[in-house]
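Novice: Okay, sequence plus prediction incoming.
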Amino acid sequence: MPHFVYILASRPDGALYTGRTQDLRNRIEAHRAGLSQHTAKYNIRTLVWFEEHEDFEPSLRRERTIKRWRRDWKNALITEANPSWQDLTSQIPS
């Protein structure tokens, strides 16, 4: 079963949230429904970056690595894959 590492944003260069899940579509809906205090508080709702991993361990390592990154490195990662910071929810694999 795939594992996803993802970044949500409130707006371009706004507040960010980095997470990891097996069910990305449902996790995004949970964030948008306000079930995460941090994302609800800062209105973080836009999926701006994600990547898929085949196993738990690589996804966990990647999430932890990204969470330790400086803000400008996260912005560069997002901008490289998604220059306009558009919502990528429709691109989540089925």
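Specialist: All right, it came through fine.

Novice: Make sure residue 25 is indeed in a helix.
Specialist: Yes: Residue 25: assigned to a helix according to DSSP: H, G, I helix; E, B strand; the rest coil.

Novice: Can you report how many residues lie near it?
Specialist: 14 (other C-beta atoms under 10 Å). Any C-beta I mention is one placed from the backbone N, CA and C, and that applies to glycine too.

Novice: Who's the closest spatial neighbour of it, skipping the chain neighbours?
Specialist: Spatial nearest neighbour of residue 25, excluding adjacent residues (C-beta to C-beta, 6 or more residues apart in numbering): residue 92 at 5.2 Å.

Novice: My guess is that neighbour contacts residue 27. True?
Specialist: No: look at residue 92 against residue 27 with C-beta atoms under 8 Å: they stay out of range, at 9.9 Å.

Novice: okay, these two: which has more neighbours?
Specialist: Applying other C-beta under 10 Å to residue 92 and residue 27 shows that residue 27 carries more neighbours, namely 20 against 16.

Novice: where's the more buried one relative to residue 84, distance?
Specialist: 23 Å (C-beta to C-beta, to the nearest Å).

Novice: And for residue 73?
Specialist: 19 Å.

Novice: which of these two has more neighbours?
Specialist: Ranked by neighbour count (other C-beta under 10 Å), residue 73 and residue 84 place residue 73 first, with 11 against 7.

Novice: For the more buried one, identify the helix or strand it belongs to.
Specialist: helix 71-81 (DSSP states H and E).

Novice: Now do that helix: everything it contacts.
Specialist: Residues from elsewhere that reach helix 71-81 (C-beta atoms under 8 Å, 6 or more residues apart in numbering): 7, 9, 13, 16, 18, 48-49, 66, 69, 85.
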